[in-house]
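1. how does the following fold in three dimensions:
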Amino acid sequence: MAWFNFGKKKEKIETATEVVKEISETSTCLGVFDFFTLGKSDQVLILGRLKGNIKLGDRLQVCNPGESFESFGELTVEKLSNGKEDSNLLTDEPLAHIVVDASEVAGRLKKGSVLYTSNIDERLLLSSYTDALYTSFVEMQNGDMSNEDYLRASLEDSVEILRLFLWDCRENRQNGSEEEYQKNLAKIAHLEEVVRDKLLEADEVYVIYSQLTGEPYMFSKTYDRGDDGYLCTDPLIHLSTSRWYHHYKETFDSQTNTQVRRIENTEDKEAIKNFLGSAFYLNGALGIIMNSDDVCIKAQSLVEEPDFSNLPEIQVPVRNPDVVRWLLLLGQLGKPDTEDKQLVDRLYYGFLSKAVPKAKFLIPVRRGENFPEASDEAKEVMLERGASLDLPVREGKDGRQAISLFTDWKRLRMVFDEEWDGMIEPAGNMIAMFDYIVNGTEYLQAGCYISQDSFKEMEKISAELNDAPKQ
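-> Next up is the predicted model:
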């Protein structure tokens, strides 16, 4: 599947100027660049780009599009200026100065807030919001955020600010000095940290899942590099804010073999963090796409990989993200019924073959009669006569028997209950006796069957790929 096309333009935004041409002249909209309390008075000065007409005494609705398009109150225009002289009326002013009463509504203002008339078109509302963020955080603040900006920003705001700054770096900052380049990298890293903080603290997030694998959909593109072979981009999962998902719901729902699931955060704010940890360090996703593919953030910038270095080897949880990554990508691909799919299928199979021979799997085991209890400390176990141990062996292919094994405890528990423990199986250890059924859960596309011949082929491919010079 190609990455979703949300109809975005190559430009940074669909500007308010472009949208307003299609909208009635009675509509008025102002995106807030900044605002200040006027000395010790009970008034607030608002600066922003005005589209439409505004006059003294007008009552304007206010919303924070990064949270909701719903109005949270009303403000009355008490004074107007173009920055040079006061006026009773302003029209399409690039830097309007508006004075309002310092009410509770004004206290909820932030950079990116939008003031508007009740008959506003949603497109103008959204473009004014984006334009205000670009002007405030990119043009005026050069990618910096104050502590107050950080505290007021929503997840949606932080993602959009990062997107706009990245766009500006690509379009307008390519010819700067090395020092400027490094400064911009530092600013991007800081903006990614803001997105991380807001994401982990969010009440909810929406994630695209594959119906074939039951796991978050992995987005990766394949490029033909000619003599240098093919390149698969880092597999990423797609997250959306609530506003983004509902705005593009029709696009999301029209995709085949996918569904969008809501991940609700818990009171301790651990649910989204745990979800990401599982997607990265069990499934092998290497990062996220946040809203649009203009914003991609690496896994390690969001959630640290678990550190088991202080644990004895026997206590380290079994994980195989390098195996699961390619199993899920192959599962999502489905039947390779086109030349392009066949090419991608071969590439993914090659990467899977590289990972499997180095893996350590889990075989479900159930203690029978006279079998001693498991112990993390015991290095040796004395078996009594008549001790039995159940293994999940079934009839395989070509007259061979096959044994079920799993890449991690999550998959094992999808099939086997708490009566079953797990025994570590270094890949290939039992392949002479049994074929492998890897991750044989209800999502058959997310697993694979490995015969003895297939395993030998994987070992050969793995050796060739590991010996090949790095590009």
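2. residues near the nearest residue to Ser154 once chain neighbours are set aside, how many?
-> Nearest residue to Ser154 in three dimensions, chain neighbours excluded: Gly66, at 4.3 Å (Cβ to Cβ, 6 or more residues apart in numbering). For the C-beta atoms, the positions are set from N, CA and C on the backbone; glycine is no exception. When counting by other Cβ atoms under 10 Å, one arrives at 25 neighbours for Gly66.
3. tell me the SS of Gly66?
-> coil (DSSP: H, G, I helix; E, B strand; the rest coil).
4. quick check, it in contact with Glu160.
-> Yes: in this structure Gly66 lies within contact range of Glu160 using Cβ atoms under 8 Å: 6.9 Å.
5. where does the chain dip in pLDDT?
-> 1-26, 369-387, 467-471 (pLDDT under 70).
6. all helices of it, in order?
-> For the chain, applying DSSP state H gives helices covering 16-20, 122-133, 147-152, 155-172, 178-201, 242-247, 249-253, 271-281, 321-333, 339-355, 409-413, 452-467.
7. buried residues in stretch 168-184?
-> Buried residues in stretch 168-184, counted by 16 or more other Cβ atoms under 10 Å: Asp168, Cys169, Asn184.
8. what do you get for stretch 43-54?
-> So stretch 43-54, judged by 16+ other Cβ under 10 Å, has buried residues Val44, Leu45, Ile46, Leu47, Gly48, Arg49, Leu50, Lys51, Gly52, Asn53, Ile54.
9. TSV for those, including distance to Lys360?
-> Shown next, in TSV, are those (distance: Cβ to Cβ, whole Å):
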residue	distance to Lys360
Val44	62
Leu45	64
Ile46	61
Leu47	60
Gly48	59
Arg49	59
Leu50	64
Lys51	61
Gly52	65
Asn53	70
Ile54	67
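10. between those, which is nearest Asp234?
-> Arg49 (37.5 Å; Cβ to Cβ).
11. for the closest one, give me its contacts.
-> Shown in contact with Arg49 (Cβ atoms under 8 Å, 6 or more residues apart in numbering): Ala16, Leu30, Gly31, Phe33, Glu93, Pro94, Leu95, Ala96, Ser128, Asp131, Ala132, Thr135.
12. just the buried residues of those.
-> Ala16, Leu30, Gly31, Phe33, Glu93, Ala96, Ser128, Asp131, Ala132, Thr135.
13. what about the second one, distance to Ser41?
-> Spelled out, it's Leu30. Distance of Leu30 to Ser41, given as Cβ to Cβ, to the nearest Å: 21 Å.
14. repeat that for the third one.
-> Gly31 sits 24 Å away from Ser41, taking Cβ to Cβ as the criterion.
15. what's near enough to touch Leu38?
-> Contacts of Leu38 (Cβ under 8 Å, 6+ apart): Val44, Leu45, Val99.
16. now the strands for the stretch 251-400 of the chain?
-> Ranges of strands in the stretch 251-400 of the chain, per DSSP state E, counting those that start in this stretch, are 258-264, 287-290, 296-298, 360-367, 389-390, 393-395.
17. so which of those is the most packed in?
-> Mean neighbour count, computed with mean count of other Cβ atoms under 10 Å, is highest for strand 287-290 among these, reaching a mean of 24.
18. partner strands of that one, with direction?
-> strand 237-240 (parallel), strand 296-298 (antiparallel) (DSSP bridges).
19. residues in contact with that strand?
-> 3, 159, 195, 199, 219, 234, 236-240, 276, 280, 295-299, 301-302.
20. repeat the analysis, applying 7 Å as the threshold.
-> Applying Cβ atoms under 7 Å, 6 or more residues apart in numbering, the contact partners of strand 287-290 are 159, 195, 219, 234, 236-239, 295-299, 302.
21. can you select the buried ones among those residues for me in PyMOL?
-> Burial among the contacts of strand 287-290 is assessed by 16+ other Cβ under 10 Å; the matching PyMOL selection reads:
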select buried, resi 159+195+219+236+237+238+239+295+296+297+299+302
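22. what is the most widely separated pair among the contacts of strand 287-290?
-> Val159 and Asp234 (18.8 Å).
23. now the contacts of strand 287-290 in CSV, with distance to Arg261?
-> As requested, the contacts of strand 287-290 are arranged in CSV below (distance: Cβ to Cβ, whole Å):
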residue, distance to Arg261
Val159, 19
Val195, 20
Phe219, 16
Asp234, 22
Leu236, 17
Ile237, 11
His238, 11
Leu239, 11
Val295, 20
Cys296, 20
Ile297, 20
Lys298, 23
Ala299, 19
Leu302, 18
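24. break the protein into its domains for me.
-> 11-124, 204-301, 316-374+385-467 (automatic domain parsing).
25. now the ones you listed in a markdown table, with distance to Glu180?
-> Shown next, in a markdown table, are the domains of the chain (distance: least, Cβ to Cβ, whole Å):
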| stretch | distance to Glu180 |
| --- | --- |
| domain 11-124 | 19 |
| domain 204-301 | 21 |
| domain 316-374+385-467 | 36 |
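26. those: which one's closest to Glu178?
-> Per Cβ to Cβ, nearest to Glu178 of the domains of the chain: domain 204-301, 22.7 Å.
27. just checking, Asn265 touches Ala202?
-> Yes: with contacts counted by Cβ atoms under 7 Å, Asn265 reaches Ala202, the gap being 6.1 Å.
28. what sits in contact with each of these two?
-> If you check Asn265 and Ala202 against Cβ under 7 Å, 6+ apart, the residues they both contact are Ile272.
29. beta-bridge partners for the most centrally placed residue in the chain, please?
-> In the chain, the residue lying closest to the centroid (Cα atoms, centre = their mean) is Ile288, at 3.1 Å. Beta-bridge pairing of Ile288 under DSSP bridges involves Ile237, Ile297.
30. for it, give its distance to Leu30.
-> 33 Å.
31. now do Phe280
-> 41 Å.
32. what about the residue lying closest to Gly143 once chain neighbours are set aside, how many neighbours?
-> In space, and not counting its chain neighbours, Gly143 is closest to Lys187: 3.9 Å by Cβ to Cβ, 6+ apart. Here the number of neighbours of Lys187 (other Cβ under 10 Å) works out to 18.
33. ok, Lys187 - contacts?
-> Gly143, Asp144, Phe165.
34. surely the first one is in contact with Phe165?
-> Right, the one you point to is Gly143. Yes: with contact taken as Cβ under 7 Å, Gly143 and Phe165 are classed as touching, separated by 4.7 Å.
35. picking up where we left off before, which one of the strands paired with strand 287-290 lies nearest to Ala359?
-> strand 237-240 (21.9 Å).
36. distance between that closest one and the chain's centre?
-> Centre-to-centre, strand 237-240 and its host chain are 4 Å apart (Cα atoms, centre = their mean, to the nearest Å).
37. rewinding a little: need the strands paired with strand 287-290 in CSV with distance to Phe434, can you?
-> Converted to CSV, those look like this (distance: least, Cβ to Cβ, whole Å):
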stretch, distance to Phe434
strand 237-240, 33
strand 296-298, 38
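38. quick one on the thing from earlier: which one of the buried residues of stretch 43-54 is nearest to Glu313?
-> The closest of the buried residues of stretch 43-54 to Glu313 turns out to be Gly48 (Cβ to Cβ; 60.3 Å).
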